[in-house]
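*Asks:* Need a 3D model of the following:
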Amino acid sequence: MKKNLFKLSGLVLAICISASSIAQTSGSLTFNFTTIAHSGYSGTKNALAVWIQTSTGSFVKTYFRYAGSGGGTQDHLPTYAVNSGGSASNCLATACNKVGATTGATLSGAVTKTFTWDGKDASGNLVPDGTYKVTIERTWNHGTGGAATRSITFTKGPAADVQSPAADANLTGLSLSWNPAGAGVEENSVNTGVKIYPNPSADGIFNVEFAKANEISVIDAAGTVIFHSTVDANATSKAINLSQFSNGVYFINVVDGDHSSQQKVVLEK
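*Replies:* Modelled structure (predicted):
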């Protein structure tokens with residue numbers, strides 16, 4: 001009996017160790033891209049889907065899906081349609097998982113898009129650490145010559161993963177930043193009198209209001225200071241221009257002596 005108990009205890013311990021070894025780091029991924037317009041079956045109109053999948057191709061979450069049944073483009077995103085749970089002939093089917101995604105009709109030209117992923121799947125569950133892919137599928141003409149699919153691989157885990165993938169014939173302005181919680185850059189609001197607007201900003205201008213401040217800095221998601229300025233003694237506001245930087249998440253840090261407020265802002269031009 002004691003021998004069996006020892007075996008059972010060992011089995012329970014092994015299960016606990018195995019379960020605890022599956023890390024699930026929380027954090028955020030910010031991804032930016034701009035599509036390049038192509039002429040096709042209807043001018044520069046194009047279908048587009050962007051989603052996250054595992055390194056082996058399992059679906060995680062949809063972020064963008066643009067296609068129209070009226071124009072007959074529901075069959076123009078076959079890779080996305082199958083990966084998200086539907087069939088290749090209809091990316092608009094109810095079976096296609098689009099929880100929390102931005103959806104719409106066929107696009108009329110090039111677009112710039114940004115999204116931030118919280119490390120969770122479409123059901124709201126934090127996914128295990130590991131290798132994942134942001135996959136983009138575009139179709140602008142009939143036949144394989146008018147379609148393209150590209151995946152950007154990144155590592156979700158306790159270390160930051162910051163990339164600037166190379167542009168190609170279909171995509172430009174690519175940037176990716178996985179920023180784990182508890183490391184790198186985080187928000188804090190010790191100085192609660194600070195207000196920042198608009199957020200997100202469509203033109204890169206952020207207005208910062210405060211009762212008192214000595215200096216202001218801006219930090220990107222990788223922890224690099226990209227802007228720093230002292231503040232005039234009588235000033236109560238300052239406009240910060242980040243229009244020259246890529247879309248994504250930044251942190252504006254306002255310092256008043258021993259107090260500071262570091263708030264997350266989103267640039268979405």
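*Asks:* For the closest residue to Ser237 other than its chain neighbours, give its distance to Gly193.
*Replies:* Distance criterion CB to CB, 6 or more residues apart in numbering; nearest residue to Ser237, sequence neighbours excluded, is Glu209 at 4.7 Å. C-beta coordinates here come from the backbone N, C-alpha and C atoms, glycine included. Glu209 sits 8 Å away from Gly193, going by CB to CB, to the nearest Å.
*Asks:* Count residues in the vicinity of His228, would you?
*Replies:* Neighbour count for His228, taken as other CB atoms under 10 Å: 11.
*Asks:* what residues are up against it?
*Replies:* Contact partners of His228, counting by CB atoms under 8 Å, 6 or more residues apart in numbering, are Glu215, Ile216, Ser217, Val218.
*Asks:* Taking the residues you listed, please make a ChimeraX selection of just the buried ones.
*Replies:* Applying 16 or more other CB atoms under 10 Å to the contacts of His228, the buried members can be selected in ChimeraX as follows:
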select :216,217,218
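*Asks:* residues in contact with the residue nearest to Ser237?
*Replies:* Here Glu209 is in contact with Val194, Lys195, Ile196, Thr236, Ser237 (criterion: CB under 8 Å, 6+ apart).
*Asks:* let's see it at 7 Å
*Replies:* Lys195, Thr236, Ser237 (CB atoms under 7 Å, 6 or more residues apart in numbering).
*Asks:* ok, so of these, who is nearest Asn32?
*Replies:* Nearest to Asn32 among those: Lys195, at 25.7 Å, using CB to CB.
*Asks:* for that closest one, phi and psi?
*Replies:* Backbone torsions for Lys195, taken as degrees, to the nearest 10, come to phi -130, psi 140.
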